[in-house]
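Student: Fold the following for me, if possible:
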Amino acid sequence: MTWPRLFDAAFFMYQHVLLHELGHHHDFQYRHKRALPGARRWKEVSAEEHKWRLARTRGWGLWCELQRRGKI
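Tutor: Numbers count the residues shown, from 1 in each chain. The predicted structure is shown next:
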């Protein structure tokens, strides 16, 4: 797979990989507070929900600002 810009590859890795995996980490760390069904499907759904919640944070906006300025 090729990416037109390095920034596009970084976006994919950040949004679709890192944040999704952080969602799994959150569920694992806080499983005693909110038990989820054991099915893999529900774990993936929960990780995706966490991904979108984390994507709305300020961190990605700062990264976009650096890219706009040509720092990335």
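
Student: Assign residue 70 to helix, strand or coil.
Tutor: Under DSSP: H, G, I helix; E, B strand; the rest coil, residue 70 falls in the coil class.

Student: What's the local residue count around it?
Tutor: By the criterion of other Cβ atoms under 10 Å, residue 70 has 6 neighbours. (Glycine included, C-beta is placed from N, CA and C.)

Student: so what's residue 49 up against?
Tutor: By Cβ atoms under 8 Å, 6 or more residues apart in numbering, the residues touching residue 49 are residue 23.

Student: could you redo the last one with a cut-off of 10 Å?
Tutor: Applying Cβ atoms under 10 Å, 6 or more residues apart in numbering, one finds that residue 49 lies in contact with 23, 26-27.

Student: Now do it, the pLDDT please.
Tutor: Here, the pLDDT recorded for residue 49 equals 86.

Student: Work out for me the element it sits within.
Tutor: Here residue 49 is covered by helix 40-55, with elements defined by DSSP states H and E.

Student: Return the set of buried residues in that helix.
Tutor: Of all the residues in helix 40-55, those buried under the rule 16 or more other Cβ atoms under 10 Å are 43, 46-47, 50-51, 54.

Student: Same question for stretch 55-72.
Tutor: Neighbour-count burial for stretch 55-72 [16+ other Cβ under 10 Å]: residue 63.

Student: what's the model's confidence in it, averaged?
Tutor: 72.

Student: What is the nearest of the buried residues of helix 40-55 to residue 15?
Tutor: Of all these, residue 15 sits closest to residue 51, with 7.2 Å by Cβ to Cβ.

Student: got a list of what the closest one touches?
Tutor: 15-24.

Student: Among these, name the ones in helices.
Tutor: 19-24 (DSSP state H).

Student: Just want the most central residue of this structure.
Tutor: Centroid-nearest residue in the chain: residue 19, 1.6 Å away (criterion: Cα atoms, centre = their mean).

Student: ok, for that one, nearest residue in space, not its chain neighbours?
Tutor: residue 51 (4.2 Å; Cβ to Cβ, 6 or more residues apart in numbering).
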